[in-house]
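[1] Following is a predicted model, sequence given first.
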Protein chains: 2
Amino acid sequence: MKPSPTREALLEAACVLFYQRGIHATSVDAILEKAGVARQSLYLHFTSKDGLIAEFLKVRDERWRGAMQRYIATAGEPDQKLLAIFDFLASWFAEPDFHGCAFINTAVEYADPQHPFHQLSAEHKARVRADVLALCLEAGLSEAEAVAGQLALLMEGATVTEQVTRGSQAARQARQIAEILIYRSKGETDACVN
Amino acid sequence: MKPSPTREALLEAACVLFYQRGIHATSVDAILEKAGVARQSLYLHFTSKDGLIAEFLKVRDERWRGAMQRYIATAGEPDQKLLAIFDFLASWFAEPDFHGCAFINTAVEYADPQHPFHQLSAEHKARVRADVLALCLEAGLSEAEAVAGQLALLMEGATVTEQVTRGSQAARQARQIAEILIYRSKGETDACVN
DNA sequence: CGTCTAATAGACCAACCGTTCTATTGGAGC
DNA sequence: GCTCCAATAGAACGGTTGGTCTATTAGACG
């Protein structure tokens, strides 16, 4: 892979615009203008707009999951790391140009489950769930599979709630639920503590 | 309001297509064809495509919340009604042409929070949350506000999870979490009362 | 100096979009 | 019969879309 600055500018502009405005709502012209690049250059480095979209989804997956892992790494105990997921979400939601999960958005824009981009979104979600599962196993939770699924569902719920209704404090809400689930899974009997 | 059959056909076609394919992806032509109606008729009964979209969002809100209320009404005890929410979701997800929540989809398609359609989506979510809150109060839960928010978050999470990854059994998962939350909230009630 | 290559500007294309206009039809009510 | 009105078909509009084509430029390398 040769790191062409032109290609990089195109991809970076596409990442920002696709995320902030949506894919369908972002024209090739808008990408070219933001990247400060000539029309032909896009078709020199990518097969088409769809090729650019595929590349966007790829780097978005890497960056987002990387950011989460990096954030979580700062937390201490294994079960604190699980809770840190939701602190990560909170800091993400606080970004002024937060526009939800790019992959949920993509799955919505490409409603047909058979569509390649919809499937790429599903694959991203599977990877995230795998990451969460690894953390659950690290924490030595019983029924780690089940808890990982539950936490993933909470992540989706928080993200979408905050996207539709900004300022809903959804991350904190999800964290509280997660706390309960994790506490239960550690094998203790239910007590109305806290 | 005179129930013009032409207007009704247009609105019905729009409801189906907007939901199944998305709003941006549905052309005026497609709506006309499905409705079996002339081009001009649309602009005779609606101000524009946007007017038709607004009407779609209105009837969708009424129908969906109505369906949920009707489903829940079949359940017995007040806390069984809360759990019935997630049985309702399960039956919804099982529909072959389930394509997620129309309002989440709309909020995604109109990413700008200031956009009228995005705001209509947020208002729908507020109404649903109010409906859930009423059920929580009926069930005599302590911290009904908080629990209603939690349940609403679970509903969002389940819906989106199922939309992106069909067959994920997200409704059942969400129901299990809801059970825990409701049980806890009832326990605190007893503790407070006693 | 000449060559090769990446990048440029900008015209151009066919297709589609939402919307408007014109002219015509057919049935209901007086 | 006549009027009125909803509805029709279909052309036409201006604008935007993704993509292609052509011709030109600027710089690196030998």
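    Perfect, thanks for sending it.
[2] nearest residue to residue A:144 other than its sequence neighbours?
    Spatial nearest neighbour of residue A:144, excluding adjacent residues (CB to CB, 6 or more residues apart in numbering or on different chains): residue A:136 at 3.9 Å. Just so you know, the C-beta spots here come from the backbone N, C-alpha and C atoms, and that holds for glycine as well.
[3] how about the one you found, what does it touch?
    A:82, A:144, A:145, A:147, A:148, A:151, A:185 (CB atoms under 8 Å, 6 or more residues apart in numbering or on different chains).
[4] and the closest residue to residue A:28 other than its chain neighbours, how many neighbours?
    Using CB to CB, 6+ apart and skipping residues adjacent in sequence, the residue nearest residue A:28 is residue A:49, 5.7 Å away. Neighbourhood size, residue A:49 [other CB atoms under 10 Å in any protein chain shown]: 16.
[5] for residue A:105, helix, strand, or coil?
    Under DSSP: H, G, I helix; E, B strand; the rest coil, the three-state class of residue A:105 is helix.
[6] re earlier: buried stuff in the helix or strand where the residue nearest to residue A:144 lies?
    Assigned by DSSP states H and E, residue A:136 belongs to helix A:116-138. Judged by neighbour count (16 or more other CB atoms under 10 Å in any protein chain shown), helix A:116-138 contains these buried residues: A:117-122, A:124-125, A:128-129, A:131-133, A:135-136.
[7] can that helix be found next to DNA strand D?
    No: against DNA strand D, helix A:116-138 shows no contacts by CB under 7 Å from any atom of the strand, the least distance being 13.5 Å.
[8] got it, and stretch A:50-59?
    Yes: judged by CB under 7 Å from any atom of the strand, stretch A:50-59 comes into contact with DNA strand D at residue A:50.
[9] Could you list the low-pLDDT ranges of chain A?
    The model of chain A has pLDDT under 70 over residues A:1-2, A:188-194.
[10] which helices and strands does the helix ranked longest in it pack with?
    For chain A, the longest helix by residue count, based on DSSP state H, is helix A:49-73. Using 3 or more CB pairs under 8 Å, 6 or more residues apart in numbering or on different chains; DSSP states H and E, the elements in contact with helix A:49-73 are helix A:5-21, helix A:78-93, helix A:102-109, helix A:116-138.
[11] if we look at it, which residues are touching it?
    The contact list for helix A:49-73 (CB under 8 Å, 6+ apart) reads A:10-11, A:14-15, A:18-19, A:23, A:28, A:31, A:42, A:46, A:81, A:84-85, A:87-88, A:91, A:102-103, A:106, A:116-117, A:120-121, A:124, A:127-128, A:131, A:135.
[12] now do stretch A:79-92
    By CB under 8 Å, 6+ apart, the surrounding residues in contact with stretch A:79-92 are A:67-68, A:71-72, A:74-75, A:98, A:132, A:135-136, A:138-139, A:141, A:151, A:154-155, A:158-159, A:171-172, A:174-175, A:178-179, A:182, A:186.
[13] Report the buried residues of that stretch.
    Neighbour-count burial for stretch A:79-92 flags A:79, A:81, A:82, A:83, A:84, A:85, A:86, A:87, A:88, A:89, A:90, A:92 (criterion: 16+ other CB under 10 Å).
[14] cool, and stretch A:24-42?
    A:25, A:26, A:31, A:32, A:34, A:35, A:37, A:41, A:42.
[15] Check stretch A:5-20 too.
    A:7, A:9, A:10, A:11, A:13, A:14, A:15, A:16, A:17, A:18, A:19.
[16] In contact with the fourth one, which residues?
    Residue A:11 makes contact with A:52, A:55, A:56, A:59 under the criterion CB under 8 Å, 6+ apart.
[17] again, but for the last one
    The contact partners of residue A:19, taken as CB under 8 Å, 6+ apart, are A:60, A:99, A:102, A:105.
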